[in-house]
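In: Prediction below, plus the sequence it came from.
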Amino acid sequence: LADRPEHVCLSTRSEGLLSRSLTHPPWSRWVHLDEHRRVHLGERYSWADVRKRLPLYTIVDGHIGLWKGQDLAESHRHHSHLASIYPFSTIDPLADEHRAVVTHSLTHWTTKGAGCWTGWCLPWAAILCARCGLPDAATTWLQWWKSNFTNIGHGTLHDADFAGCEAWNQNILASPNFQRAPGFKELMQIDAGMGAVTAILELLVQCRHGGIFVLPGLPKHWRSLTFDGIRTEGAFLIGGTVRDGELCEIRVTSLAGEPLELVHGFKGAWTLNGKNKKGTRLTVQTKRGEQLRLRLNSFN
């Protein structure tokens, strides 16, 4: 979980990402350490004390830095300085209090470019964009990954499948005619393939601040689709239907009878199991095995 493996160990920094993230919700819910159970960090600080001392992120020149005083100085395959957006989800990037710094951070990040990225970090980039309400950027990064980091058999690669777009290309440019030399061996890696699936799930359903968001941003090329069975926090199975570029139905199955906080974003009047409802949010106490159907009134 280090920001940059080329730099010093995370534990030597004054504002490391791992410690910072573990001290803030939602990750702090799993850190069951109280004032009587101490962690040795040079001196004996409680997690509560650490939480008071550490910020949600470190700002360098108006955007999120790697750590105090260290900017993202170049294109790099690690996006860990943005881990507060994903995977830790310790901030809501669309919230007013974070919007400006996230805007500057994304601009700085994209300015540095993807030239030194590897296969596995492209799905991560797609998820970051999905979390920031940039669905078309998310699908573009996934397409870039598929074009550059999968082979003819659709196997996922750590280094690019060819030279010219990415610096991590197993030094193909040193070969005759800039092509693969005899005996060339690919660097296979499963991480990117699994990450790409996760990125697609994140485009469909997100569990983040404020509840479960269904299709929070619809890519412009996703005109018609149907999905079901996406598992979420609270033991729910979520499904949905898009027609003519508009979300028109959401299906929910409650497996454990937990409270449901769902944000749907229907553009118009809608019903819940046939009964008229208002607003863009559904808050309800479910029953185990209960099935809910949210439907846009204009959908037949």
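Out: That came in fine, so what should we check first? Numbers count the residues shown, from 1 in each chain.
In: Can you mark which positions in stretch 255-272 are buried?
Out: Using 16 or more other Cβ atoms under 10 Å as the test for burial, stretch 255-272 gives Leu260, Glu261, Leu262, Val263, His264, Phe266, Trp270. Quick note: C-beta positions are derived from backbone N, CA and C, even for glycine.
In: any idea how far Thr150 is from Trp67?
Out: Using Cβ to Cβ, to the nearest Å, Thr150 is found at 34 Å from Trp67.
In: I meant Arg251, not that one.
Out: Taken as Cβ to Cβ, the span from Arg251 to Trp67 is 44 Å.
In: of those two, who's got more company?
Out: Just comparing Arg251 and Trp67: by other Cβ atoms under 10 Å the higher neighbour count belongs to Trp67, 22 against 19.
In: I figured that one hits Thr58, correct?
Out: Yes - applying Cβ atoms under 8 Å, one finds Trp67 in contact with Thr58, separated by 5.7 Å.
In: Mind telling me what element Thr253 is part of?
Out: strand 246-254 (DSSP states H and E).
In: what's the average pLDDT for that strand?
Out: Strand 246-254 shows a mean pLDDT of 97 in the predicted model.
In: cool, and stretch 281-290?
Out: Stretch 281-290 carries an average pLDDT of 97.
In: In it, which residues are buried?
Out: By neighbour count on 16+ other Cβ under 10 Å, the buried set for stretch 281-290 is Leu282, Thr286.
In: how long is that stretch from one end to the other?
Out: 18 Å (Cα to Cα, to the nearest Å).
In: could you pull out the helices for the protein?
Out: In the chain, the helices defined using DSSP state H lie at 17-22, 47-53, 96-112, 121-131, 135-149, 191-204.
In: Reformat the buried residues of stretch 255-272 as TSV; add pLDDT and distance to Thr118.
Out: Compiled in TSV, those are given as follows (pLDDT from 0 to 100; distance: Cβ to Cβ, whole Å):
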residue	pLDDT	distance to Thr118
Leu260	97	38
Glu261	97	37
Leu262	98	36
Val263	96	34
His264	93	36
Phe266	90	39
Trp270	96	43
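In: so what pLDDT did Tyr140 get?
Out: To be clear, residue 140 is Thr; Tyr isn't right here. pLDDT, Thr140: 98.
In: That one: neighbour count?
Out: So Thr140, with other Cβ under 10 Å, has 15 neighbours.
In: Can you tell me how far it is from Gly274?
Out: Distance, Thr140 to Gly274, using Cβ to Cβ: 39 Å.
In: Spell out which residues sit in contact with the most centrally placed residue in the chain, please.
Out: Centroid-nearest residue in the chain: Ile127, 3.3 Å away (criterion: Cα atoms, centre = their mean). Going by Cβ atoms under 8 Å, 6 or more residues apart in numbering, Ile127 touches Tyr86, Pro87, Ala138, Gly195, Thr198, Ala199, Glu202.
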